[in-house]
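J.: have a look; sequence and predicted model below, questions after that.
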Amino acid sequence: MEKASFAAGCFWGVEAAFRKIRGVHSAIVGYTGGSTENPNYKEVCTGRTGHAEAVEVDYDPQQVTYDELLEAFWDMHDPTTLNRQGPDIGAQYRSAVYCHSSEQEDLAKASKARLNSSGKLSKPVVTEITAASTFWKAEEYHQRYLEKHGVEHC
């Protein structure tokens, strides 16, 4: 198994989307990219922790490649909006790829460049690509939130 981490707005929908991908063993929602130790949802929502709502994915690279996960990531949100996804506004909703290796960083940068030059989007991609830092698992009531509430998407 390998690990990948992404932020693409509200983590409930991102988690659900990754769970549907063949080869994804688990997807966990949480917080990363900030400075506060062991943050909780209320703290992250203030925007003062520096963390993004994110999803940590464990996947089998024999079944799904990191490039395929990146393609899914680009498709599940609008990577051209800075600190916003739909009605959710703030740095905690930023678009980000958190890389667990230099190989992931290279692949993410190349994938972002391909997307920017594809003509598919009318604005440039603002997604940050940075090294993964500590991932803090969100409270249990956030895990599989959409599934628990019988909702398809946010």
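T.: Happy to help now that I have it. Numbers count the residues shown, from 1 in each chain.
J.: got the confidence number for the residue located most distally from the centre of the chain?
T.: Relative to the centre of the chain, and counting by Cα atoms, centre = their mean, the farthest-placed residue is G119 at 22.9 Å. Per-residue pLDDT puts G119 at 94.
J.: report all helices and strands that the longest helix anywhere in the chain contacts.
T.: Determined from DSSP state H, the single longest helix within the chain is helix 102-117. In this structure, helix 102-117 packs against helix 66-75, strand 95-99, strand 128-131, with contacts taken as 3 or more Cβ pairs under 8 Å, 6 or more residues apart in numbering; DSSP states H and E. (Glycine included, C-beta is placed from N, CA and C.)
J.: out of those, which is closest to P39?
T.: Among the helices and strands packed on helix 102-117, strand 95-99 comes nearest to P39, with 15.4 Å by Cβ to Cβ.
J.: list the buried residues of stretch 41-56.
T.: By neighbour count on 16 or more other Cβ atoms under 10 Å, the buried set for stretch 41-56 is 43-45, 49, 51-56.
J.: can I get the residues you listed in TSV including distance to M76, pLDDT and secondary structure?
T.: Formatted as TSV, those follow (distance: Cβ to Cβ, whole Å; pLDDT from 0 to 100; DSSP: H, G, I helix; E, B strand; the rest coil):
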residue	distance to M76	pLDDT	secondary structure
E43	25	98	helix
V44	20	98	helix
C45	21	96	helix
T49	24	98	coil
H51	20	98	coil
A52	15	98	strand
E53	13	98	strand
A54	13	98	strand
V55	10	98	strand
E56	15	98	strand
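J.: and of these, the nearest to E103?
T.: So of the buried residues of stretch 41-56, ranked by how close each gets to E103 (Cβ to Cβ), first place is E56, at 17.6 Å.
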